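Engineer: what's the 3D shape of this:
(chains A and B)
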Amino acid sequence: MSLKSKSISSKSSLNEDERLKKISPLRVLLNRPELGALGGSILVFIFFGIVAGDTGMFSAYGMLNFLDVSANLGIIAIAAAMLMIGGEFDLSIGSMIGFAGICIAIPAIYWGWPLWMSIVFAFAMAVLVGYFNGIMVVKTGLPSFIVTLAMLFILRGLTLAITRLITGRTQVPGLRVLIEDDPLAWLFATDTFKWLFNWLGSLKLIELRTDGTPLATGIPPSVIWFIALTLFATWILMKTRYGNWIFASGGDKVGATNVGVPVGRVKISLFIGTAVASTIFACIQVLDAGSADTMRGTLKELEAIAAAVVGGCLLTGGYGSAIGAAFGAIIFGTVSMGIFYTDVDTDWFKVFLGAMMLIAVVFNNYIRKKVTESK
Amino acid sequence: MSDYLVQFNNISKFFGKVIALKDVTMRLKKGEIMCLLGDNGAGKSTLIKTLAGVHKPDEGEIIFEDNKIVFDSPKDALDIGIGTVYQDLALVPLMSVTRNFFMGREPQKGIPFLKTFDVETANRIAADRMGQIGIDVRDPSQAVGTMSGGERQCLAISRAIYFGAKVLVLDEPTSALGVHQASMVLKYIVKAASEGLAVILITHNVHHAYPVGNSFTVLNRGKSMGTFQKKDISREKLLSMMAGGEELDKLEVELQEMDRIHNKN
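Structural biologist: Got it, this is the predicted structure:
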């Protein structure tokens, strides 16, 4: 390579710069992972607005209803999305929900622990389970799919066996009386903004019961948790060093390790994240129902992964967003509740869920090609 | 104090019965580009990993700025200033230029426990650094996947320099590139050396190595066949050495023989 060829190449590199075209704002928007889920949510609302607009689905009570379902799914979907961005799966989410439920109920009912202590105990167990999942995946190099599938069976089996051993049944009722005056339980069991609903009720802007109190009494705790977790996860992913490590760990494990990202630690912490999110889900549901059921949370892991995928997470890791997963959960929650307000048989919900996921994966694949295509 | 910035003296590495490296010695001054040449299986990858702190040498010593050094991990090598750019570049195509540039070493701002990734500063530095090597990154938040192979290589090298590399170890930086892209990378390597870095350029392409190298170490079957200054050796001689010269010589003789027979007939 002579001097002459070098001067030629520098000239042509100048030309190449001129060939760069400006990136259009539309392209920037298309590159965002959550776009599909956002568009999907809008379509779903328009659809039900037309089909079920006059049925009470969009009354305060109806809206809180489908928001509550969306929010519950969203809590685990966000954690699942973060783990997926980090390049791993957790199939034990659903079983962890059931397990966390009895970790709260059995100590509180049978061992006489105060409720707050049982809740702390459940979270401690979640950290242990998440840590175990993480360390198994990181140390053995086995696919997380297999490790957490094993955990799915182990946890569900433990939940059933322990519950039947101690209580002789598969359900543990009687928690509701313990909620009052508990220093921790209110976090998972209090409706908020009651004053707002009372005020709206007094103005007759929302539906009232026959005794004059509003039908919708306040924002359920799931919705508050859902919003808080969405914001927190988004802040972590977009604005912190740890967030960059999550993307890097999922995008290229070897490369990330080579430049000093503690990939193992990042993945373990994300597994703890999904287990803790499952426990938050369990707390809200157990305290709302007043009882723990050994089958609670069955198949929730797949719904959480579906919501994350619809929300733009790539199955291969390294790409996705918490906001996307949140919208993915809203789509599923809205449709699963909305379908009751239409003439459509609810049996069709699963068909919709599957079709939605397929469309999302095809769309995401296309986006990924667009994002990484060379010029 | 010796003239050398870094010395790898009599490095040997064994994997069980396999002798991957035997008595390999390389010494580099500031501003020097040493090309490490060798065919496939010559032990280049093992040597790189030893330089980068991934493997510990079984024999020999590493002397950096007159201090004997033992690496326990790749991080140790990074910390004293040996920056290795692997063939896979350690870049994530789906992530932005900035996020790749600062991967693992993100600048932070804010109060303790609530520190945030200082994206603005990071964007500015990344765009600035890429600009210095003539790559105009209009939007540092664009995905690395949209960059050309040469630009990615330059990004990886630029990142290693920014984070304090004094010795750059480059693993086949031009092997996957076309002529134009390769020359862009080579130009950048020369520029980096002229600013005082020592560069170890690992390649099997003599045509890329010869124009930029000051000295050449040829590796064959785990052993060094010696280090040569540019003035002492020709491109052809290098080529024949690294390809296991005898074999090529033999081939040449055979071909000539065939030619002769052919002409006779």
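Engineer: where do the strands sit along the chain?
Structural biologist: This is for chain A. A:171-173, A:291-293 (DSSP state E).
Engineer: that's the wrong chain, I wanted chain B
Structural biologist: B:6-15, B:18-28, B:33-38, B:59-64, B:67-69, B:82-85, B:108-109, B:116-117, B:167-171, B:198-203, B:215-220, B:223-229.
Engineer: was I right to think A:L208 contacts A:G201?
Structural biologist: Yes - the pair A:L208 / A:G201 is scored as a contact, 5.6 Å apart, by CB atoms under 8 Å. All C-beta atoms are positioned from the backbone trio N, CA, C, and that covers glycine.
Engineer: need the pLDDT of B:E254.
Structural biologist: On pLDDT, B:E254 comes in at 85.
Engineer: run a quick neighbour tally on residue 42.
Structural biologist: Just going to use chain A. Using other CB atoms under 10 Å in any protein chain shown, A:I42 is surrounded by 12 other residues.
Engineer: nope, chain B please
Structural biologist: 23.
Engineer: B:F15 now?
Structural biologist: 11.
Engineer: to chain A, which of the strands of chain B lies closest?
Structural biologist: strand B:116-117 (4.6 Å; CB to the nearest CB).
Engineer: leaving out the residues flanking it, which one is nearest to the residue of the stretch 101-250 of chain A found nearest chain B?
Structural biologist: Nearest residue of the stretch 101-250 of chain A to chain B: A:R241, at 4.1 Å (CB to the nearest CB). Nearest residue to A:R241 in three dimensions, chain neighbours excluded: B:E106, at 4.1 Å (CB to CB, 6 or more residues apart in numbering or on different chains).
Engineer: can you list phi and psi of residue 141 for me?
Structural biologist: Since no chain was named, I'll use chain A. The phi and psi values for A:G141, taken as degrees, to the nearest 10, are phi 70, psi 10.
Engineer: looking at the strands of chain A, which is buried most?
Structural biologist: strand A:291-293 (a mean of 23; mean count of other CB atoms under 10 Å in any protein chain shown).
Engineer: list the helices and strands that one packs on?
Structural biologist: With contacts taken as 3 or more CB pairs under 8 Å, 6 or more residues apart in numbering or on different chains; DSSP states H and E, strand A:291-293 sits against helix A:93-110, strand A:171-173.
Engineer: possible to save those as CSV with distance to A:Y61?
Structural biologist: Shown next, in CSV, are the helices and strands packed on strand A:291-293 (distance: least, CB to CB, whole Å):
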stretch, distance to A:Y61
helix A:93-110, 26
strand A:171-173, 26
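Engineer: and these, which one is worst for confidence?
Structural biologist: strand A:171-173 (a mean of 91).
Engineer: look up how far chain A lies from B:E120.
Structural biologist: B:E120 sits 11 Å away from chain A, taking CB to the nearest CB, to the nearest Å as the criterion.
Engineer: show the pLDDT at that residue.
Structural biologist: Looking at B:E120, its pLDDT stands at 89.
Engineer: who does the most centrally placed residue in chain B bridge with?
Structural biologist: Computing the C-alpha centroid of chain B and ranking residues by CA atoms, centre = their mean puts B:L170 first, at 1.3 Å. Counting by DSSP bridges, B:L170 is bridged to B:V85, B:L201.
Engineer: thought it was touching B:V199?
Structural biologist: Yes - with contacts counted by CB under 8 Å, B:L170 reaches B:V199, the gap being 6.7 Å.
Engineer: before we move on, back to that, ok, the residue of the stretch 101-250 of chain A closest to chain B - contacts?
Structural biologist: Each residue near A:R241 by CB atoms under 8 Å, 6 or more residues apart in numbering or on different chains is listed here: B:E106, B:Q108, B:K115, B:F117.
Engineer: how about the helices and strands packed on strand A:291-293 in TSV, adding distance to chain B?
Structural biologist: Output for these, formatted as TSV (distance: least, CB to the nearest CB, whole Å):
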stretch	distance to chain B
helix A:93-110	25
strand A:171-173	38
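Engineer: how close does the residue in the stretch 1-150 of chain B positioned nearest to chain A sit to B:N100?
Structural biologist: When scored by CB to the nearest CB, the stretch 1-150 of chain B has B:G145 as its residue closest to chain A, at 2.8 Å. Between B:G145 and B:N100 the computed distance is 10 Å (CB to CB, to the nearest Å).
Engineer: and what of B:M147?
Structural biologist: 10 Å.
Engineer: which of the two has more neighbours?
Structural biologist: Comparing B:M147 with B:N100 by other CB under 10 Å, the one with more neighbours is B:N100, at 30 against 23.
Engineer: is it true that that one touches B:V92?
Structural biologist: Yes - taking CB under 8 Å as the definition, B:N100 is a contact partner of B:V92 at 6.0 Å.
Engineer: and for those two, which residues touch both?
Structural biologist: With CB under 8 Å, 6+ apart, B:N100 and B:V92 have common neighbours B:V144.
Engineer: picking that back up, so the residue nearest to A:R241 sits against B:T116, correct?
Structural biologist: No - B:E106 lies out of contact with B:T116 (CB under 8 Å); the separation is 9.5 Å.
Engineer: so the two - more neighbours on which side?
Structural biologist: Shown here are B:E106 and B:T116; by other CB under 10 Å, B:E106 has more neighbours (24 against 18).
Engineer: which residues touch the more buried one?
Structural biologist: A:R241, A:N244, B:F117, B:D118, B:A122.
Engineer: what sits up against stretch A:107-121?
Structural biologist: By CB under 8 Å, 6+ apart, stretch A:107-121 touches A:103-106, A:166-167, A:172, A:174-175, A:178-179, A:182-185, A:188, A:283.
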